[in-house]
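> Sequence and predicted model, in that order:
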Amino acid sequence: MRILITNDDGIDAAGIKKLAQIVAKISNEVYIVAPSGQRSAVSHSITVGKALQVRRESFPAAVKAAYSCSGMPADCVKVAVQAILEEKPDVVISGINNGHNMGYDSIYSGTVAAAREAVYQGIKGIAVSTWRENYALVDRYLEKLLRDAIDRKLSPHEIWNINFPACGPEDYMGIRETLPAAYPRYKDVYEVSCVSENVWEYELVDVEYEKIGEHTDFFAVEHNYISVGAIECSVLRDLQRSDANRRTDRC
């Protein structure tokens, strides 16, 4: 099995090194194409109007090859699949993100966008996140979760999203299959300050939504469960349905 790893925290991030160590236990054909630096919260941005710079990198894990890319997480998947790798990967795993990607926030995530780009390329996409490089549960459970995700049959417009809670093994409650919450973690509350007569600064402050809905990813992680579940790529779903309808109309 050929596995491509990427992320949005950059090729030097602790999370991608941890992920590569674990994925190397699953496959002996692992490749990395990751951003050259921090690209958090860039969503599904891609680079246009200038060339991507790709550099071969040494990497502290048993991978076939590792490359840094000057572009965004989605760029990394696109250029890896279309140009760098000789053969298409079977799976793309994005992470391990330094921070959760749940609920509405997953729309902004570069980590999730890389997994989404994999689905757009016809490849299974998996996103993995934890809280502030807390790897105690990752070390115990991620290999099994990835094996299960790889074997799981998903719709062709879904990615698999895994989020680890911030707790240690002593407080861990188990694994819960969830749905993405229909709200972000923080409300859009801004503090404003005047810089000059015609200039103001608006800064987001951390005002959290109440965690509601036991079926949601936010609720699960808040209560020390590992959250696993599918995120629907609605654009691809709608295109597939439209294409199916057109083919039906022609019959």
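Sure thing, it's come through.

> and the closest residue to Glu87 other than its chain neighbours, what are its phi and psi?
Take Glu87 and drop its neighbours on the chain: the residue closest to it by CB to CB, 6 or more residues apart in numbering is Arg2, 6.3 Å away. No exception for glycine: its C-beta is placed from N, CA and C like everyone else's. Taking degrees, to the nearest 10, you get phi -100, psi 120 for the backbone angles of Arg2.

> Tell me, how many residues neighbour Arg2?
The local packing of Arg2 (other CB atoms under 10 Å) involves 17 other residues.

> beta partners for it?
Using DSSP bridges, the beta-bridge partners of Arg2 come out as Glu29.

> Give me the pLDDT value at it.
Arg2 carries a pLDDT score of 98 in this model.

> likewise Val42?
96.

> same check, this time on Gln240
pLDDT for Gln240: 55.

> next one: the one 10 residues further on
In this model, Arg250 is scored at 59, pLDDT.

> how much space is there between Asp206 and Lys187?
Relative to Lys187, Asp206 is positioned 9 Å away (CB to CB, to the nearest Å).

> residues in contact with Asn97?
Neighbouring residues of Asn97 by CB atoms under 8 Å, 6 or more residues apart in numbering: 7-9, 15, 40, 109, 111, 127-130.

> just to revisit the earlier point, settle it for me: which of Asp206 and Lys187 has more neighbours?
Neighbours were counted for Asp206 and for Lys187 using other CB under 10 Å; Lys187 has more, 13 against 8.

> ok, the nearest residue to that one once chain neighbours are set aside to Lys144 distance?
The shortest distance from Lys187 to any non-neighbouring residue, by CB to CB, 6+ apart, is to Val207 (4.7 Å). Here the criterion is CB to CB. By it, Val207 lies 36 Å from Lys144.

> Ala127 - how many residues pack around it?
So Ala127, with other CB under 10 Å, has 30 neighbours.

> and it, what element?
Assigned by DSSP states H and E, Ala127 falls within strand 124-130.

> what's the answer for Cys194, then?
Counting by DSSP H and E, Cys194 is part of strand 190-196.

> Pull out the buried positions in that strand.
Using 16 or more other CB atoms under 10 Å as the test for burial, strand 190-196 gives no buried residues.

> quick check: mean pLDDT across that strand?
For strand 190-196, mean pLDDT rounds to 96.

> Check which element follows that strand along the chain.
Next along from strand 190-196, by DSSP H and E: strand 199-204.

> Can you check the contacts of Asn97 and name whichever has the most neighbours?
Neighbour counts for these peak at Asp8, which has 32 neighbours (criterion: other CB under 10 Å).

> and the nearest residue in space to it that is not next to it in sequence, how far is that from Ser94?
Take Asp8 and drop its neighbours on the chain: the residue closest to it by CB to CB, 6+ apart is Gly110, 3.0 Å away. Separation of Gly110 from Ser94 (CB to CB): 8 Å.

> So Arg147 is in contact with Ile26, correct?
Yes - counting by CB atoms under 8 Å, Ile26 is a contact partner of Arg147 at 6.2 Å.

> more neighbours, these two?
For Arg147 and Ile26, the more surrounded residue by other CB under 10 Å is Ile26, and the numbers stand at 15 against 12.

> is it fair to say the more buried one lies in a helix?
No - under DSSP: H, G, I helix; E, B strand; the rest coil, Ile26 sits outside any helix and is assigned coil.

> Could you pull up phi and psi at the residue lying farthest from the centre of the chain?
Computed with CA atoms, centre = their mean, the residue of the chain farthest from its C-alpha average is Glu197, at 41.7 Å. Backbone torsions for Glu197, taken as degrees, to the nearest 10, come to phi -60, psi -40.
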